[in-house]
Each structure stands twice: as C-alpha cells, then as structure tokens.
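> Okay, predicted coordinates and the sequence, questions at the end:
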Amino acid sequence: MTDELIRFSNVGHAYTPARWVFRGYSGTVARGRVLAILGPNGCGKTTLLRLLLGLGRATEGTIERFGRVAFVPQLFQVGFDYSVLDMVLMGRAGRIGLLAQPGRADEAAARDALARFGLEDLARRPFHELSGGQRQLVILARALVAGADLLILDEPASALDLGNQVLILDWIRRLARQEGLGVVFTTHHPHHALAVADRVLPMQDGADNHDAPASEILTEARLRALYGVPLKRVAFEHEGQRHETFALVIPHSNAPDDTTGAPSPDVSPP
Ligand SMILES: Nc1ncnc2c1ncn2[C@@H]1O[C@H](COP(=O)(O)OP(=O)(O)OP(=O)(O)O)[C@@H](O)[C@H]1O
C-alpha cells in the first residue's frame, strides 16, 4: 500500500482555450504530511484546489487520488439554522445514506469529534452564531467523522484573528502528525507555510513548478520573485525551541513626520 494520498503531474488549466491560468505544476501528499500552496492573488490557487478535489477537469496533466478527500472551504457560512451537531453529522452522510436518519453510533462519533476540538459544549448551538475560528474547527470535526484521509483547505486562516490563526494552524499539524491525515492548504502567508507545511508549492510562472521541502524552497530570493517585495527570513528562540518566520519589509515613507521633531517645511531656519 502506498503512503501517497494524492499525486499530480504537469497540471495546467485554461478556462478558455489557449489562455492558460497556469501550466506544469506537480506535487504529492503522503499520509501524515502537509503541503502548502502559496502564491499571489490570481495565480490560480483556488483553480488548482478545485482540480485536486475533482470539481473540474485539468486541461492538461494527471491527478491521481488514493483516499477519501474532504474539503474545508474558506470561512464557512450556512443559510439555514443548523446546530453545530447537525453540521458535524452531515459528515456522516456518505455512510448513513442520504435518506436514512443518523443512528446513535453516528451521533456518538460526531460528539467525539466535537470533543476532540474542545467544542462539546457547543453541540446544540446554532452554527451561524459561532466565531470564525470555532466554525473552522466544526468543519474540521465534520471532515474527521467523514473518515477523510486527505483534507483540502482553502485559505483556512485568512479571515481569522491571530489567536485563531495559531489555533487552526496547530490543528492542521496535529491532524497530520497524530491522525495521519494528509493535508493540502492554500495560503497568502509564507510564515504559515514555513511553520506547518512539510512541503510547499510556490505558484510562480516560469519557475521549477514541483513542490519541495518547505525549508529549502522558502528562501528570501524565491519569495521576492513570487511577490515582488522583499521578505526577511528570521530565526528566533521561544521557550527553548527554535522557530523561523518571515518579516515583511515595509518601506519607510520620506514624507515629513512631525513625531520625530523634524522642522515642518513651512518653518524658516533662523
Ligand atoms: N470560472 C472561471 N472562469 C474563467 N476564469 C476564471 C474562473 N475562475 C477563476 N478564473 C480566473 O483564473 C485566474 C485564477 O483564479 P483563482 O481564483 O484560481 O486564483 P487565486 O490564486 O485563488 O486568487 P486569490 O488569491 O485572489 O483567491 C484568475 O485570473 C481568475 O479570474
């Protein structure tokens, strides 16, 4: 049995003939591993995710899936007043059958999954009343009860505050390391990719378009080429552990700044 859950080779897509959104992307995700897909607005991250999910057919290249796949969309909204427990139970739909009622075993599995994420007390609350971070966790619980082998997440942390970003990123790594799930996620944040991904696929036209180990591929030069702005890779210690992150370099404006005590332009020198 292979450990690979998805493998894609030389994938390219054009919504209209000969107008390529991207070409030549390749990568793999194995059990227990995390792949981050990184790139600027409009480079085709969502398009590639949809192809990996099988929601469309790639114009060229091959995509092979070897397990059960679950999708976690960007901040999830529902138009109907489902309870948190109902939302998680929907993950069992594939096992229950569409017209049958969930049984005790299904409800126990859903409550277990909620408890894993510390959400058991919210089971009867309306889903739409939860915070963004809580909603993301509920959707992760739903993927767990669906028995997914591979989670595909579209910008899981982009709409969350800092505390919830850390929470979701930590869970992504735990689901891979502790549950043996494979994870693919898109992100705008190279420091998120560096913190939790084993491998990264930068979506940059004309570059070597294969995924590679995060620490090797996330160089300052590669990110500058990707985003067109400088980023600094910074190492530091926190509670005895070494970490690395990226700092964005925001240019200082040359405009006069009255907080520095500099004379304003309309004051003549003596
Ligand atoms: N259904 C579609 N039909 C035609 N063009 C599309 C369609 N969906 C996306 N595109 C185009 O494909 C390109 C890539 O879009 P996509 O949403 O995949 O990029 P993205 O990297 O996810 O962007 P963002 O970071 O802004 O979410 C864009 O130019 C977009 O306008």
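Received the coordinates, thanks. Please read these numbers as outputs of a predicted model, since none were measured by experiment.

> just the strands in the stretch 1-150 of the chain please.
Remark: strands assigned in the stretch 1-150 of the chain by DSSP state E, counting those that start in this stretch are 4-16, 19-30, 34-38, 60-65, 69-72, 150-153.

> Who does Arg242 form a beta bridge with?
Bridge pairing for Arg242 (DSSP bridges) gives the partners Glu237.

> Confirm for me that it is in contact with Ala235.
Yes - with contact defined as C-beta atoms under 8 Å, Arg242 counts as touching Ala235 (6.4 Å). In short, each C-beta sits where N, CA and C put it, glycine included.

> Show me what counts as buried in stretch 187-195.
The neighbour-count check on stretch 187-195 (16 or more other C-beta atoms under 10 Å) flags Thr187, His189, Pro190, His191, His192, Ala193, Leu194, Ala195 as buried.

> and the chain, which of its residues are near the ligand?
Counting by C-beta under 6 Å from any ligand atom, the positions of the chain adjacent to the ligand are Tyr15, Val21, Gly39, Asn41, Gly42, Cys43, Gly44, Lys45, Thr46, Thr47.

> now the third one: how far from Ile6?
If you measure Gly39 against Ile6 using C-beta to C-beta, to the nearest Å, the figure is 18 Å.

> any idea which of the buried residues of stretch 187-195 is closest to the ligand?
Thr187 (9.5 Å; C-beta to the nearest ligand atom).

> That closest one touches Ser158, doesn't it?
Yes - if you go by C-beta under 8 Å, Thr187 and Ser158 touch, sitting 7.3 Å apart.

> returning to what we had before: among the strands of the stretch 1-150 of the chain, which is nearest Phe246?
Closest approach to Phe246 among the strands of the stretch 1-150 of the chain is made by strand 34-38 (11.0 Å; C-beta to C-beta).

> Between strand 19-30 and that closest one, find me the angle.
160 degrees (axes from the mean of the first three to the mean of the last three C-alpha atoms, to 10 degrees).

> which other residues reach strand 34-38?
The contact list for strand 34-38 (C-beta atoms under 8 Å, 6 or more residues apart in numbering) reads 27-29, 45, 48-49, 172-173, 176, 182-188, 190, 192-193, 196-203, 211, 214, 226.

> Of these, which belong to helices?
Lys45, Leu48, Leu49, Ile172, Arg173, Ala176, Pro190, His192, Ala193, Val196, Ala214, Leu226 (DSSP state H).

> Report the buried members of those.
By 16+ other C-beta under 10 Å, the ones in helices among the contacts of strand 34-38 give Lys45, Leu48, Leu49, Ile172, Ala176, Pro190, His192, Ala193, Val196, Ala214, Leu226 as buried.

> from the residues you listed, which single one is nearest Leu150?
Ala176 (10.3 Å).

> wait, what's in contact with the closest one?
If you count contacts by C-beta under 8 Å, 6+ apart, Ala176 has them with Gly32, Arg33, Val34, Gly182, Val183, Asp198.

> Just confirm Pro73 contacts Asp154, I think it does.
Yes - with contact defined as C-beta under 8 Å, Pro73 reaches Asp154; the gap is 5.5 Å.

> So which of these two has more stuff around it?
Relative neighbour count places Asp154 above the other of Pro73 and Asp154, with 20 against 15, counting by other C-beta atoms under 10 Å.

> okay, the contacts of Ala176 in CSV with distance to Met87 and pLDDT next?
Formatted as CSV, the contacts of Ala176 follow (distance: C-beta to C-beta, whole Å; pLDDT from 0 to 100):
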residue, distance to Met87, pLDDT
Gly32, 26, 96
Arg33, 27, 97
Val34, 24, 98
Gly182, 23, 96
Val183, 20, 96
Asp198, 29, 97
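
> Neighbour count for these - can I get that in a markdown table?
Listed next are these as a markdown table, based on neighbours: other C-beta atoms under 10 Å:
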| residue | neighbour count |
| --- | --- |
| Gly32 | 17 |
| Arg33 | 20 |
| Val34 | 25 |
| Gly182 | 27 |
| Val183 | 27 |
| Asp198 | 19 |
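
> between those residues, which is nearest the ligand?
Nearest to the ligand among the contacts of Ala176 is Val183, at 17.7 Å by C-beta to the nearest ligand atom.

> need the contact list for the closest one.
By C-beta under 8 Å, 6+ apart, the residues touching Val183 are Val29, Arg33, Val34, Leu35, Leu150, Leu151, Ile152, Leu153, Ile172, Leu175, Ala176.
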